[in-house]
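Asks: no sequence on this one, just coordinates:
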């Protein structure tokens with residue numbers, strides 16, 4: 001095979017590969033966006049629900065750490081999926097609140113591991129985070145704009 005033909009084949013393959021890997025910068029459709037929001041919400045809800053099913057303190061704290069990582073990943077996944085036109089503000093509020101909820105869970109688990117941390121839960125009826133409220137406010141705003149998603153449940 002002549003050298004010029006081989007070079008042409010390699011260049012053509014490189015162009016095809018580059019075109020396939022380039023991706024597109026277009027915004028997702030409303031349906032794709034809604035599915036991304038629902039997926040992120042469901043991941044967060046599942047992670048929070050697992051915390052409450054812990055049978056021992058160490059398991060509880062480990063599940064808080066796991067939920068923290070899962071929620072941060074869900075927020076990042078929503079950011080990476082893109083935003084349908086007209087939903088930039090709500091998506092930013094939601095992802096910011098989810099990232100903060102991740103930090104709040106991790107910090108609380110860390111505090112509870114400290115010797116004085118037991119005082120935080122003695123007599124407590126549950127944990128409440130402002131970031132959880134903010135995430136649900138963002139979801140409520142999306143619901144009000146026609147996105148079919150549920151609020152994050154109390155666990």
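Replies: On my side now, so go ahead. Keep in mind the model is a prediction, meaning the values are calculated, not measured.
Asks: Where does pLDDT dip in this protein?
Replies: Where the chain drops to pLDDT under 70, the residues are 1-25, 117-127.
Asks: Please enumerate the helices of it.
Replies: For the chain, applying DSSP state H gives helices covering 3-21, 30-51, 57-81, 88-113, 118-121, 130-144.
Asks: So which of those helices is nearest residue 153?
Replies: Evaluated over the helices of the chain, closeness to residue 153 peaks at helix 30-51, with 5.6 Å, by C-beta to C-beta. Backbone N, C-alpha and C define where each C-beta goes, glycine included.
Asks: What are the buried residues along that closest one?
Replies: 33-34, 36-37, 40-41, 43-45, 47-48, 50-51 (16 or more other C-beta atoms under 10 Å).
Asks: Take those and lay them out in a markdown table including distance to residue 58.
Replies: A markdown table is the format used below for the buried residues of helix 30-51 (distance: C-beta to C-beta, whole Å):
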| residue | distance to residue 58 |
| --- | --- |
| 33 | 39 |
| 34 | 38 |
| 36 | 34 |
| 37 | 34 |
| 40 | 28 |
| 41 | 28 |
| 43 | 24 |
| 44 | 23 |
| 45 | 23 |
| 47 | 18 |
| 48 | 18 |
| 50 | 14 |
| 51 | 13 |
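Asks: Skipping its backbone neighbours, what lies nearest residue 77 in space?
Replies: Nearest residue to residue 77, sequence neighbours excluded (C-beta to C-beta, 6 or more residues apart in numbering): residue 40, at 6.2 Å.
Asks: An error on my part: the question was meant for residue 36.
Replies: residue 81 is the one closest to residue 36 (C-beta to C-beta, 6+ apart), at 3.9 Å.
Asks: That neighbour: neighbour count?
Replies: Neighbour count for residue 81, taken as other C-beta atoms under 10 Å: 17.
Asks: again with the one 10 residues further on
Replies: Residues near residue 91, counting by other C-beta under 10 Å, number 21.
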